[in-house]
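> give me a model of this one.
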Amino acid sequence: MPQAKNELSDAGELNEILVKLEKLHHIRDLSTLLDSILLETRSLASADAGSIFLVESGKLRFSYVQNDTLFRNDFLASKYIYSNSEVAIDESSIAGYVAATGKPLLIADAYHIESGSPYSFNPYFDEISSYKTKSMLIVPLRTSRNDLVGVLELINRLDGEGSILPFTQKQRAIVNQFAFYAGVAIERAILLRDVVYKMVRMMALRDPEETRQHVNRVGYYAVEIYKRWAAAHDVPKTEMDHYMDILQMSAMLHDIGKVGIPDAILRKPGPLDPAEREHMKLHVIFGAGYFEDPRSEWDTLAREISLNHHEKWDGSGYPGPVTDMGIDRLPGLPGKKGREIPLSARIVAVADVYDALSSKRAYKDAWEEDRVLYKMREESGKHFDPEIVDIFFEIYDVITAIRQKWE
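Residues are numbered from 1 along each chain as shown. Predicted structure coming up:
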């Protein structure tokens, strides 16, 4: 009888793992995927916290973090996600050791690591956050070709009363197996992100202002603003995650229509004259035209943002109602107004204008931050949805962290 019970338990655990893997299969955006991987692996091992490092330029870059004790109901905790911390791929650190050797680690107490171990625990995050790391489970993340893509750390296994326990050998085996499939999913998401970056590089050949840094900032700003908006509107987590999955990449391509603008206008070092400004406005039509026959939700949202991100809350924006993506002039009608403008475009408008004002352009220097923030407040209810502006300021610490990461 006990053996049958164990078999039933093993079957239940296997089914749970398969369900979690199925969720990963449908996620395309890298940030959303990392969030889901951490959430699911922490659930498998009853971990209070966790982080993911990804391999970039021969080092491990701190890429995502979750911590129920520190971050529960704390939206400003997202700023930790945008840390620029790096770890060498060698045996001196815990994450570096796992990356360098490919061996999973179980650590019962991070502050009392076995004497003679080549690696040591860095207490920096504990010190700045007043958190206490104790038990740890660390596994490598590998691609379908067995290439290292990153490292997954789980921290502080909790029992039902919230006491910290060591992770088990069985949990190490389960998480290590799950991490293999997670690594393959990360590989796929990175490939898709690289396709978007290739499109951005194509845009940069025409418009030097459309840099990878700029589009990353706009994409991440948009996701963090939406996340706070969704929480305020009680959007279910599954719906929120799905929307964020397609929002970031769609937001990154908001100005792709500029590839259709002549160089004489696009690269002009000074202000545009009225005729040039009118022609420049056509980039929203050209951009939407790239996604005119959408075959996915991503195409649909990218079209929505491309077309509408220059609409204004008070109706003074452009292009207004458009039915023909092949036209070569604006319809000459009033712009959309208020909530006629899609939520995605209202969010990207705030993200894009903030970044444009904060950045140097061919026709202007970067504004001082106080001047930028004053302008954002001033345009609330005119250019911008007032609720989105309020959210922008509520998460300003996160906005700042994103800007620092992608400056």
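> what's the following helix or strand after the helix-or-strand element of the chain with minimal mean pLDDT?
Within the chain, judged by mean pLDDT, DSSP states H and E, the helix or strand with the poorest mean is helix 2-25; its value is a mean of 60. Toward the C-terminus, helix 2-25 is succeeded by helix 30-45 as the next helix or strand (DSSP states H and E).
> list the buried residues for the following helix or strand past that following helix?
Reading on from helix 30-45 to the C-terminus, the next helix or strand found by DSSP H and E is strand 47-56. Neighbour-count burial for strand 47-56, counted by 16 or more other C-beta atoms under 10 Å, picks out Ala47, Asp48, Ala49, Gly50, Ser51, Ile52, Phe53, Leu54, Val55. Any C-beta I mention is one placed from the backbone N, CA and C, and that applies to glycine too.
> which of those residues sit farthest apart?
The largest distance within the buried residues of strand 47-56, taken as C-beta to C-beta, falls between Asp48 and Val55 and amounts to 25.7 Å.
> circling back: would you turn the buried residues of strand 47-56 into TSV with distance to Asn84 and pLDDT?
Formatted as TSV, the entries for the buried residues of strand 47-56 read as follows, by distance: C-beta to C-beta, whole Å; pLDDT from 0 to 100:
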residue	distance to Asn84	pLDDT
Ala47	25	97
Asp48	25	96
Ala49	20	94
Gly50	19	94
Ser51	14	94
Ile52	15	95
Phe53	12	95
Leu54	13	95
Val55	15	95
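> ok, Ile104 - contacts?
No, residue 104 isn't Ile; it's Pro. Counting by C-beta atoms under 8 Å, 6 or more residues apart in numbering, Pro104 touches Val98, Leu137, Ile138, Val139, Pro140, Arg172, Val175, Asn176.
> gap between the residue nearest to it when sequence neighbours are not counted and Ser43?
Once its chain neighbours are removed from consideration, Pro104 has its nearest residue in Val139; the separation is 4.4 Å (C-beta to C-beta, 6 or more residues apart in numbering). Spatial separation of Val139 from Ser43 under the definition C-beta to C-beta, to the nearest Å is 15 Å.
> so which of these two has more stuff around it?
Under the criterion of other C-beta atoms under 10 Å, the comparison of Val139 against Ser43 puts Val139 first, with 26 against 11.
> follow-up on the earlier one: which one of the contacts of Pro104 has the most neighbours?
Of the contacts of Pro104, Ile138 is surrounded by the most neighbours, 28 neighbours in total, counting by other C-beta under 10 Å.
> circling back: in helices, which of the contacts of Pro104 fall?
Helix and strand membership here follows DSSP state H; of the contacts of Pro104, those in helices are Val98, Arg172, Val175, Asn176.
> and which of the residues you listed is nearest to Lys23?
Sorting the ones in helices among the contacts of Pro104 by distance to Lys23 puts Val175 at the head of the list, at 15.9 Å, by C-beta to C-beta.
> in contact with that closest one, which residues are there?
Taking C-beta under 8 Å, 6+ apart as the criterion, Val175 is in contact with Thr41, Leu44, Ala45, Pro104, Leu137, Val139, Leu152, Leu154.
> sorry, back to before: out of the ones in helices among the contacts of Pro104, which is nearest to Lys227?
For these, the closest approach to Lys227 (C-beta to C-beta) belongs to Val175, at 26.3 Å.
> per-residue confidence at the closest one?
pLDDT, the model's per-residue confidence, is 93 for Val175.
> measure it to Leu357 for me?
With distances taken as C-beta to C-beta, Val175 is found 45 Å from Leu357.
> can you give me the strands for the chain?
For the chain, the strands defined by DSSP state E cover 47-56, 59-67, 86-88, 105-107, 136-142, 148-158, 164-165.
> of all the ones you listed, which one is nearest Leu191?
strand 148-158 (11.1 Å).
> who does the closest one touch, helix- and strand-wise?
Strand 148-158 is packed against helix 30-45, strand 47-56, strand 59-67, helix 94-101, strand 136-142, strand 164-165, helix 169-206, with contacts defined by 3 or more C-beta pairs under 8 Å, 6 or more residues apart in numbering; DSSP states H and E.
> follow-up on the earlier one: which of the contacts of Val175 has the weakest pLDDT?
Least confident of the contacts of Val175 in the model: Leu44, at 91.
> that older thread, now distance to Val184 too, for the strands of the chain, in JSON lines please.
As requested, those are arranged in JSON lines below (distance: least, C-beta to C-beta, whole Å):
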{"stretch": "strand 47-56", "distance to Val184": "14"}
{"stretch": "strand 59-67", "distance to Val184": "17"}
{"stretch": "strand 86-88", "distance to Val184": "23"}
{"stretch": "strand 105-107", "distance to Val184": "22"}
{"stretch": "strand 136-142", "distance to Val184": "8"}
{"stretch": "strand 148-158", "distance to Val184": "9"}
{"stretch": "strand 164-165", "distance to Val184": "30"}
